[in-house]
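>>> Okay, here's the prediction I keep looking at, along with the sequence it came from:
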Amino acid sequence: MIEKTVKIVNKAGLHTRPAATIVKLAARHKCEFFISKDGININGKSIIGVMTLAAEMGSELVLTFEGEGEEAAAAEIIDYISRGFDEQ
Amino acid sequence: MKTFKQIYDHAENKITGIAAAPGIVIGPVYLYTREKLEVINGEITNCKEAVKNFREALLRAKKELSKVFELAKEKMGGERAAIFEAQLMILDDPILIETIENRIYSEKRLPEFIVDDEISKYQKMMMSAHESYMKERAHDIGDIKNRIVRNLQNRRWQSKIKKEAIVISESLSPADTVLFSRNDVKGFVTDHGGLTSHAAIISRSLNIPAVVGTHNASHLIHDGDMVIIDGFHGYILYNPDEKQISFFESKLEKLKALQRELEEYKGKPAITTDGKEIHLSANVDVSGEIDIVITSGAKGIGLYRTEQVLEELSEFPTEEEQAKIYRNLSSRVYPNNIVIRAFDIGGDKFKYYDFQEPNPFLGLRGIRLLLENKTLFKNQIRAVLQASENKNIHFMIPMVSTILEIRETKKMIEECKKELKKEGKNFDRNMKVGMMVEVPSAAVMAELFAKEVDFFSIGTNDLIQYLMAVDRGNDLVSDLYQQFSPAVIRTIFYIVREAKKAKKEVSLCGEMAADTLAIPLLIGLGLESLSISPSTIAYATRIIRSISYKKAKKLAADCLSCSGEKDVIDRIEKFFEENSITRTRNLI
């Protein structure tokens, strides 16, 4: 299992488009993927779940990956978030 | 040949309202009612069948939504259509679908109940978040929930409206009007609202006839009924007889001929008979309208309301998204100018905060809200600046009521310029910054405000409502919303005079400028620039080309000494008569 805390660096926060991209990235991997924030734990492969996270710039998310391909999934998704969703 | 009066005097199938957008249309009605969803919590025995129904409902919902998505991409651009893409993804959400199917098997309840219950959980979570945009997002989730439930109940998608229909509705929200603007609606009738309601504004910008404030049209008229909408006089005839139909068909012919004639005015300058040129620019309310602006002959965009971006995106756009939209508009109208107005959120326009203000029109809106939300405002300023490379963007501040608000705004703009310079970004260093004069305190202080800003734009819609202390949407007092009140005329006169003294540009961008009756008066008051709906440019050009500036000045002087609105209107009508100018509605 990989657990990692990431910070949202994008000014607009985790808005609809990056939420969709994260889910799409996660779908490419077999491992389980969860995101938790402020005590809410949601499945990262569920778009409706990810959209529920009100993650503004500066807020922290705890990501957990478990199962086949967890390393590749973690690398890809963490990189995408720290790149500011390619928007800056 | 009968006259309109003869037709209406004897008509028992007549509904009276406010003529909100000119034109005549005859056709069947589409009665638009916003659905109330009722979900039954029933037990089931055949779970397999229920899951099958659920999957089929998802498929149908997906089909519907893909169509909306395509339409949205075409009419609003891929960027703004992203929200529908996310909704489509929800219909494929593996976790959500699995949870719902498992619950159907274990709880043995109707899928519509499970779907409603499960998705509502997410909505509740979003509603409880502090971030304001989450409420909008909860709304989107609600849409998708309703769509699935509706399909489970095998009902038609109500919000999908017939193409080329005449829409009759109790009232229309901004979101409804965006939807209708995509469907080639032929006419609007609403029970509520006045000349400045969303339905009225959108009708004028899309050039379709509308009658509003009818009180009970949506109750008297049934879906599929034949109606005649007369947007010149403000009447509706439902289930018309043959005589009425043939009368209006002949009027329609005349109207078409007139419109062909008006086409000629499109390329011509709006110049009075004695050589005074009036600058006519366009108000832009809905995207897609920009094409109409280009072909209308308008000299650029005199008012671009940026809050429409929020309405269409239903979440706050990023700096980059905004810059892209503004840059695109700026190049489309180049070498003409575009006046971009900062988000005018609040009032009836867009709910930013969760709490209900007791008096939204006197509350946190326009510049007041922007200065409270500096990040939001700064993003917009930076976006506007970055889009300003063509040097044809002017930036305008809404709802200014004190000098301090202007000073603080200017300070923020300077800060943003410094930042952008550091970041090595290009922008127009001398971008003009102006303000809306729409609050009486700003109007009274016009002399001092003129020293602080580069230009004024008089927003008559709000100015009249604040000056007369009348809620423009309240039918009980809407007759006091008097655009020809001498108080309004004197105020406009004063603002224009002070702007000219300070050698600052001044224009007028309210609905008043689109009223052919008001045009000679406004020009006489000294206005040299008007911003109006693109579809009314040709009408205004025709009027301006038939009046003399000298006589208009005399008209304005007379009106300034009138004591009541009726005197003013009588005086203007006399002006039209004396100078043999025919109002558009009298030409047909």
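Received it, and whenever you're ready, just let me know what you need.
>>> For stretch B:189-200, give the mean pLDDT please.
Across stretch B:189-200, pLDDT averages out at 75.
>>> what about stretch B:477-494, how long is it end to end?
26 Å (C-alpha to C-alpha, to the nearest Å).
>>> List the contacts of it.
Under the criterion C-beta atoms under 8 Å, 6 or more residues apart in numbering or on different chains, residues B:194-195, B:213, B:440, B:443, B:446, B:458, B:460, B:463-465, B:467-468, B:470-472, B:508, B:511-512, B:515, B:517-518, B:521-522, B:525-527, B:556, B:559-560, B:562-565, B:567-569, B:572 lie in contact with stretch B:477-494. Placement of C-beta: from N, CA and C, glycine included.
>>> Now do the contacts for residue 21.
No chain was given, so I picked chain A. A:80, A:85.
>>> Not quite, go with chain B.
B:188, B:200, B:203-204, B:207-210, B:231.
>>> hey, where'd the strands end up in chain A?
For chain A, strands defined by DSSP state E occupy the ranges A:2-7, A:32-37, A:40-43, A:60-66.
>>> Flag every residue of chain A that's near chain B.
Selection of chain A residues close to chain B by C-beta under 8 Å from any C-beta of the partner chain yields A:10-13, A:15-17, A:19-20, A:23, A:40, A:43, A:45-49, A:51-52, A:54, A:56, A:87-88.
>>> Mark which of the residues you listed are buried, thanks.
Buried members of these, scored by 16 or more other C-beta atoms under 10 Å in any protein chain shown, are A:10-13, A:15-17, A:19-20, A:23, A:43, A:45-49, A:51-52, A:54, A:56, A:87.
>>> In a markdown table: the contacts of B:Ala21, plus neighbour count, distance to B:Val68 and secondary structure.
Below are the contacts of B:Ala21 laid out as a markdown table (neighbours: other C-beta atoms under 10 Å in any protein chain shown; distance: C-beta to C-beta, whole Å; DSSP: H, G, I helix; E, B strand; the rest coil):
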| residue | neighbour count | distance to B:Val68 | secondary structure |
| --- | --- | --- | --- |
| B:Phe188 | 31 | 21 | strand |
| B:Ala200 | 25 | 25 | helix |
| B:Ser203 | 32 | 22 | helix |
| B:Arg204 | 26 | 25 | helix |
| B:Asn207 | 17 | 24 | coil |
| B:Ile208 | 24 | 21 | coil |
| B:Pro209 | 24 | 26 | coil |
| B:Ala210 | 32 | 24 | strand |
| B:Gly231 | 28 | 28 | coil |
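>>> quick one: low-confidence ranges for chain A?
In the predicted model of chain A, residues A:88 satisfy pLDDT under 70.
>>> Recalculate using a threshold of 80.
Residue ranges of chain A with pLDDT under 80: A:11-12, A:54, A:87-88.
>>> Helices of that one, start to end?
Taking DSSP state H, the helices of chain A run over residues A:16-27, A:47-52, A:70-82.
>>> The stretch 451-588 of chain B now?
With DSSP state H, counting those that start in this stretch as the criterion, the stretch 451-588 of chain B has helices at B:460-467, B:486-501, B:519-524, B:537-544, B:549-560, B:565-578, B:584-587.
>>> Number of residues surrounding B:Val309?
By other C-beta atoms under 10 Å in any protein chain shown, the residues close to B:Val309 number 20.
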